[in-house]
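In: Return atomic coordinates for the entry below.
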Amino acid sequence: MKNEKKLSPSQQKIMDFVNSQTDKSSTMRTLTDMFHRTTLKSLFKTGVLITETQSRLRQDDMEMVYWTEVRVPTATDKIKELIKA
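Out: Below you'll find the predicted structure:
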């Protein structure tokens, strides 16, 4: 068996919330409004959650809109990490 680190109850609440979303992701703003930032930071440090910056061009006023999406790493993300190493 692997020696996996257990999540604290506050970390588990965050993971449950993210996993309950339809696309298994949430915006950074939503998470920082709902949960404690230190708990979020610890999940990012351990690699349980990752951030991804998104953008799109708003057609009505031709302005770029940016946001940060938080999600659980997928197998593709793990492969990309191995390739970088």
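In: which secondary structure elements does the lengthiest helix in the chain contact?
Out: As assigned by DSSP state H, the longest helix anywhere in the chain is helix 9-20. Where contact means 3 or more C-beta pairs under 8 Å, 6 or more residues apart in numbering; DSSP states H and E, helix 9-20 is packed against strand 25-27, helix 28-34, helix 37-46. Bear in mind the C-beta positions are built from the backbone N, C-alpha and C, glycine included.
In: Same question for the first one: list its buried residues.
Out: What that stands for is strand 25-27. S25, S26 (16 or more other C-beta atoms under 10 Å).
In: Can you give the strand pairings for that strand, parallel or anti for each?
Out: strand 63-71 (antiparallel) (DSSP bridges).
In: Could you give me the buried positions within the partner strand?
Out: V70, R71.
In: and the helix or strand following it, C-alpha only, in PDB?
Out: Using DSSP states H and E, the helix or strand that follows strand 63-71 towards the C-terminus is helix 75-84. Taking Å, rounded to 0.1, in the frame of the first residue of the first chain, the C-alpha atoms of helix 75-84 are listed here in PDB:
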ATOM      1  CA  ALA A  75      -4.000  11.900 -16.200                       C
ATOM      2  CA  THR A  76      -3.100  14.300 -19.000                       C
ATOM      3  CA  ASP A  77      -1.700  16.800 -16.500                       C
ATOM      4  CA  LYS A  78       0.400  14.100 -14.800                       C
ATOM      5  CA  ILE A  79       1.800  13.000 -18.200                       C
ATOM      6  CA  LYS A  80       2.700  16.600 -19.000                       C
ATOM      7  CA  GLU A  81       4.500  16.900 -15.700                       C
ATOM      8  CA  LEU A  82       6.500  13.800 -16.400                       C
ATOM      9  CA  ILE A  83       7.500  15.100 -19.800                       C
ATOM     10  CA  LYS A  84       8.700  18.400 -18.200                       C
END
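In: Mind listing residues that contact helix 75-84?
Out: I50 (C-beta atoms under 8 Å, 6 or more residues apart in numbering).
In: and if you look at stretch 36-43?
Out: Taking C-beta under 8 Å, 6+ apart as the rule, stretch 36-43 contacts S8, S10, Q11, I14, M15, L31, T32, L49, V70.
In: Quick check: which ranges of the protein have low pLDDT?
Out: 1-5 (pLDDT under 70).
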